[in-house]
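Peer 1: My questions are about this predicted structure, shown below with the sequence.
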Amino acid sequence: MSTPTQVRQIPAPQIYPDNEAFWAGTHAGKLLIKHCSACNKPHWYPRPQCPFCMSDKTEWKESAGIGTIYTFSVSRRVGPVPYAIAYVRLDDGVTMMTNIVDCDLDAIRIGDRVKVVMKPSDSGAMVPMFTPL
């Protein structure tokens, strides 16, 4: 039996000065990832200092938004709508926690290739999620 994803309410993100550019990017349909100019490493989640070398020389770079499901879990009992939460390892070199959407939840597999899609939150802010390629 298949479990298709359904429309569900997404809580509004907390927008702060250090992640404002990220949310502006999602509003424009872009997934932005922080990169350190000092050590040349990308990092996720958005923050002003590099977690590898502690440099404050970080910049936003647009991601292609393509990656691989590292692990996932389908929740069918928590709320009125089943959903899949996952860690996706982006080709850019970072791993992010997200949701897998617009697919049969029973067909999701570790190792599946996915691409970013933007879904509106309660406030209208766009939230990055992923769907199978």
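Peer 2: Perfect, thanks for sending it. Numbers count the residues shown, from 1 in each chain.

Peer 1: Quick one: the strands in the chain, in order.
Peer 2: Remark: strands assigned in the chain by DSSP state E are 31-36, 42-43, 58-63, 66-75, 83-90, 95-100, 113-120, 126-132.

Peer 1: export those strands to a markdown table and tack on mean pLDDT, distance to residue 25 and mean neighbour count?
Peer 2: For the C-beta atoms, the positions are set from N, CA and C on the backbone; glycine is no exception. Putting the strands of the chain into a markdown table (pLDDT from 0 to 100; distance: least, C-beta to C-beta, whole Å; neighbours: other C-beta atoms under 10 Å) gives the following:
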| stretch | mean pLDDT | distance to residue 25 | mean neighbour count |
| --- | --- | --- | --- |
| strand 31-36 | 96 | 4 | 21 |
| strand 42-43 | 96 | 15 | 18 |
| strand 58-63 | 96 | 7 | 16 |
| strand 66-75 | 96 | 16 | 16 |
| strand 83-90 | 96 | 14 | 20 |
| strand 95-100 | 96 | 14 | 18 |
| strand 113-120 | 97 | 10 | 17 |
| strand 126-132 | 97 | 9 | 20 |
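
Peer 1: and residue 14, which of those is closest to it?
Peer 2: strand 126-132 (11.8 Å; C-beta to C-beta).

Peer 1: quick check: angle from that closest one to strand 58-63?
Peer 2: Orientation note: strand 126-132 sits at an angle of 40 degrees relative to strand 58-63 (axes from the mean of the first three to the mean of the last three C-alpha atoms, to 10 degrees).

Peer 1: chain center to strand 126-132: distance?
Peer 2: Its chain's C-alpha centre and that of strand 126-132 lie 6 Å apart, by C-alpha atoms, centre = their mean, to the nearest Å.

Peer 1: How about residues contacting it?
Peer 2: The contact list for strand 126-132 (C-beta atoms under 8 Å, 6 or more residues apart in numbering) reads 10, 13, 23, 26-27, 29, 31, 65, 67, 69, 86, 88, 96, 98-103, 107-108, 112-121.

Peer 1: got the angle for that strand vs strand 83-90?
Peer 2: Put simply, strand 126-132 runs at 90 degrees to strand 83-90, going by the same axes, to 10 degrees.
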